[in-house]
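Visitor: Sharing a sequence plus its predicted fold:
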Amino acid sequence: LNSSGMQFALALQPMALLDPEDDQIQLVDLGELGPVRCGRCKAYMNPYMRWTDGGKAFQCNFCGHTNACPDQYFSYMGPDGQRRDVYERPELCRGTYEVVATKEYFVRPPMPVTHVFLIDVSSVAVNSGATAATCLCIEQVLDSLLGGDSTMVGIVTFDSTVHFFNVAKGQTTPQMLVMADVNDVYAPMSSELLARLSDSREQLQELLGSIPSMFGAAAGPECCAAAAIEACVELLKPTGGKIHAFMSSLPNCGARALKLRDGNINVSDKEKQTGLLPQDLTYMTMASQAADFNVCIDLFLLAQHYIDVATLSTLTHTTGGSLYHYLPFNPMMDQDQLLNDLKWNVSRGQALEAILRVRCSAGLDVEGYLGDFHKPPNSPTDLYLPAIDCDKAMVAKLAIVDKLSPNSEVYLQCALLYTTTDGRRLVRISTLALPVSDQMGAVFKGADFDSQLAYLARQVAVTVPGGTSAAAKDLIMLRITATLAAYRKFCATSSSSVQLILPEALKLLPLFSLALHKSPILRPDVRPDERSLWLASMIGSSCGRIMGLLHPRLFAVHHLLRSGSMPSDGALPEPLILSSEMLDEGGLYLMDSGADLLLFLDQSVPDQIVQELFGMPNMPALLQTPQPLPLTPQDTPS
């Protein structure tokens, strides 16, 4: 493997959404027995454990240790050498399953679902419409919050000071508590400032409706966003929870105030990208403290100008939060997107106060991880995730530390201990078996392109801040040339020396490497905030999202409209090659960029299509209509 030029890495997305055709993840409840594990290496039960002594013992496939089977877990062996209940127990026949955790896996009672909405009410936010848009969006997503009747909600605002609102059941007017000293941060009692959603929904809605007018005239230009976030962290320390911070300007007063840095976009390839490093390292300290208390921070940046994403993104990177950026924020254009982002953020599948560990069988080891997580100095093996949702992913770098026997198998296991939004403590276990081969052709044939690209993109993303674009480009070129040279040397020696030979599994590697070069990460004409946003996306995104960001998919919608139906199997049509030669006059195209869906219309698109999609008579009338444009419902009868 070392001679192949490829990286040995494991792509992880433990809370990923299931494909509609996949089986549901089965839940195992063994009662007081709890998860069955190896007594030596603590690997969890999986289909590759070998049962011996008539089912009274099992040999661990990770360390080889023989364990006695618990009496209540015993089952007789069948004539095929397998347990008779092998297909009745998900842990014995499925690669991924969940098991109910026992009291040994609890440090404290499961945390309740808690949301604190931190709203910018400075003059910049009020005048740009960000405050009103934020309050309206929060009000509209209250019904989408997970957690049921136990969900807790808090409302906090800030300008030059921080304002906490006490919304209690039966209380007609919310009580406002002000933290005037933003250099000495503290928070009042959380029990008084976190309201149960089921009891205080109407009061919360009334408060959100009144905030824009409440601060409209009195709003000042100062912004103590960092102090406000720290105060919310203090507020949530007893329980843990999520902070949704909406910011419209750079924190310019109070604790951890930031300075306006040089926003020069004309940085040469050989200049160090120091503007992509955090200007205040105490943000990392604050993020680590938040993660220690299971506080996750989401940032919604509704800015009109530079807001130092490089520094602020450390808060989301360490706590497992999400980063959203709207620049420049325009309520008419961006409010629907803000609502969609916020609604998906609070309603998607997610795990709370999670701990993740990857185990390897003998001969392998985990060198490190790349992703959004907290790794305390005293925890060499575990990753701490205050929250992890279905969109988050990470990569584990693996190393071969001992000789492996050909024609055998190695095993990898990812275990995620987490709390569900309904208060249960579960362990999600995924086990993977990989064959060992001493044939280079088999290594290239089994290569996974998505994982290779995800690891390469993350390597570039951690190289650029503080480094140079030239070094990142050299890294990409080194990886490609090493891989392709190894394939030619070991698998295609008879081919012409001037012919480009690509392994089938990695035939798109040069294309996506070129896409990396052309992405905002390495282009010279990109503003620092946009570059930092892309860097954050590369580090925490899934394989599929990274592929979409680097090389979007383009679909010819007008071909579907002419045929009158989707493909019979329900699959998407084949995407087009991203070339102007593929575009038709009068065409209608849908582009999937990994983050957005963009609809492109040619100026000569038929009037009938414009009428059906937008309710406008023709293309000239459509161009004169103020944005945004609503699409008319086009549901296809089943």
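Guide: It's in. From a predicted model like this one, the values you see are computed outputs, not experimental measurements.
Visitor: Can you pull the poorly scored residue ranges out of the stretch 151-300 of the chain?
Guide: 170, 218-219, 262-266 (pLDDT under 70).
Visitor: same thing with the stretch 501-638 of the chain?
Guide: 564-570, 627-638.
Visitor: all helices of the stretch 451-600 of the chain, in order?
Guide: 469-491, 509-518, 528-540, 543-550, 557-563 (DSSP state H, counting those that start in this stretch).
Visitor: residues contacting the residue nearest the centre of the chain?
Guide: Centroid check for the chain by C-alpha atoms, centre = their mean gives residue 392 as the closest residue, at 2.5 Å. Residue 392 makes contact with 13, 15, 320, 371-372, 540, 542, according to C-beta atoms under 8 Å, 6 or more residues apart in numbering. The C-beta positions use only the backbone N, C-alpha and C, and glycine is treated the same way.
Visitor: switch to 6 Å and redo it
Guide: By C-beta atoms under 6 Å, 6 or more residues apart in numbering, the contact set of residue 392 is residue 540.
Visitor: looking at the helices of the stretch 451-600 of the chain, which is closest to residue 412?
Guide: helix 543-550 (16.2 Å; C-beta to C-beta).
Visitor: just the CA coordinates of that closest one, formatted as PDB?
Guide: The C-alpha trace of helix 543-550 is given here as PDB (Å, rounded to 0.1, in the frame of the first residue of the first chain):
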ATOM      1  CA  CYS A 543     -17.800  12.800   0.600                       C
ATOM      2  CA  GLY A 544     -20.800  13.500  -1.600                       C
ATOM      3  CA  ARG A 545     -21.000  17.200  -0.700                       C
ATOM      4  CA  ILE A 546     -17.300  17.700  -1.400                       C
ATOM      5  CA  MET A 547     -17.700  16.100  -4.800                       C
ATOM      6  CA  GLY A 548     -20.600  18.500  -5.500                       C
ATOM      7  CA  LEU A 549     -18.700  21.600  -4.300                       C
ATOM      8  CA  LEU A 550     -15.700  20.800  -6.500                       C
END
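Visitor: Only the buried residues of that helix, if you could.
Guide: By neighbour count on 16 or more other C-beta atoms under 10 Å, the buried set for helix 543-550 is 543, 545-550.
Visitor: Can I get these in a markdown table including distance to residue 260?
Guide: Output for the buried residues of helix 543-550, formatted as a markdown table (distance: C-beta to C-beta, whole Å):
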| residue | distance to residue 260 |
| --- | --- |
| 543 | 37 |
| 545 | 31 |
| 546 | 31 |
| 547 | 35 |
| 548 | 33 |
| 549 | 28 |
| 550 | 31 |
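Visitor: so which of the residues you listed comes closest to residue 193?
Guide: Closest to residue 193, out of all of these and judged by C-beta to C-beta, is residue 545, at 35.7 Å.
Visitor: Let me see the ranges of the strands in the stretch 151-300 of the chain.
Guide: Counting by DSSP state E, counting those that start in this stretch, one finds strands in the stretch 151-300 of the chain at the ranges 152-158, 162-166, 175-179, 195-196, 241-247, 295-301.
Visitor: Going by secondary structure, residue 429 is in what exactly?
Guide: Per DSSP states H and E: residue 429 is located in strand 425-435.
Visitor: Name the nearest residue to residue 458, ignoring sequence neighbours.
Guide: Closest residue in space to residue 458, ignoring its immediate chain neighbours: residue 370 at 4.1 Å, by C-beta to C-beta, 6 or more residues apart in numbering.
Visitor: ugh, wrong one, residue 444
Guide: Closest to residue 444 by C-beta to C-beta, 6+ apart is residue 503, at 4.2 Å.
Visitor: cool, residue 154 as well?
Guide: With C-beta to C-beta, 6+ apart, the residue lying closest to residue 154 is residue 116, at 4.2 Å.
Visitor: show me the contacts for the one you found.
Guide: 154, 232, 243.
Visitor: how close does the residue nearest to residue 150 when sequence neighbours are not counted get to residue 131?
Guide: Of all residues not flanking residue 150 in the chain, residue 112 sits nearest, at 5.0 Å (C-beta to C-beta, 6+ apart). Here residue 112 is placed at a distance of 28 Å from residue 131 (C-beta to C-beta, to the nearest Å).
Visitor: can you tell me which residues contact the residue lying closest to residue 601 once chain neighbours are set aside?
Guide: Sequence neighbours aside, residue 588 is the residue nearest to residue 601 in space, at 5.6 Å (criterion: C-beta to C-beta, 6+ apart). Contacts for residue 588 (C-beta under 6 Å, 6+ apart) come out as 557-558, 601, 605, 609.
Visitor: In PyMOL, how would I select the buried members of those?
Guide: Selecting only the buried entries of the contacts of residue 588 in PyMOL, with 16+ other C-beta under 10 Å as the criterion:
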select buried, resi 557+558+601+605+609
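Visitor: Can you add distance to residue 204 and give the contacts of residue 588 back as CSV?
Guide: Listed next are the contacts of residue 588 as CSV, based on distance: C-beta to C-beta, whole Å:
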residue, distance to residue 204
557, 41
558, 46
601, 41
605, 45
609, 43
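Visitor: and the residue of the chain most remote from its centre, which of the three is it?
Guide: If you look at how far each residue of the chain sits from its centre, by C-alpha atoms, centre = their mean, the farthest one is residue 79, at 46.2 Å. What DSSP: H, G, I helix; E, B strand; the rest coil gives for residue 79 is coil.
Visitor: ok, what's across the strand from the residue nearest to residue 458?
Guide: residue 395 (DSSP bridges).
Visitor: Of residue 112 and residue 131, which one has the most company?
Guide: residue 131 (30 against 19; other C-beta atoms under 10 Å).
Visitor: does that one count as helix, strand or coil?
Guide: Under three-state DSSP, residue 131 falls in the helix class.
Visitor: Helices along the stretch 201-350 of the chain, start to end?
Guide: Under DSSP H, counting those that start in this stretch, the stretch 201-350 of the chain gives helices at 225-236, 282-292, 309-319, 331-347.
Visitor: Can you say which of the ones you listed is nearest to residue 458?
Guide: Across these, closest to residue 458 is helix 309-319 (C-beta to C-beta), at 12.1 Å.
Visitor: and the angle from the closest one to helix 282-292?
Guide: 20 degrees (axes from the mean of the first three to the mean of the last three C-alpha atoms, to 10 degrees).
Visitor: Residue 460 is in contact with the residue nearest to residue 458, correct?
Guide: No. Distance between residue 370 and residue 460: 10.7 Å, which falls outside the contact criterion (C-beta atoms under 6 Å).
Visitor: Between the two, which has more neighbouring residues?
Guide: It is residue 460, of residue 370 and residue 460, that has more neighbours when counted by other C-beta under 10 Å, with 25 against 21.
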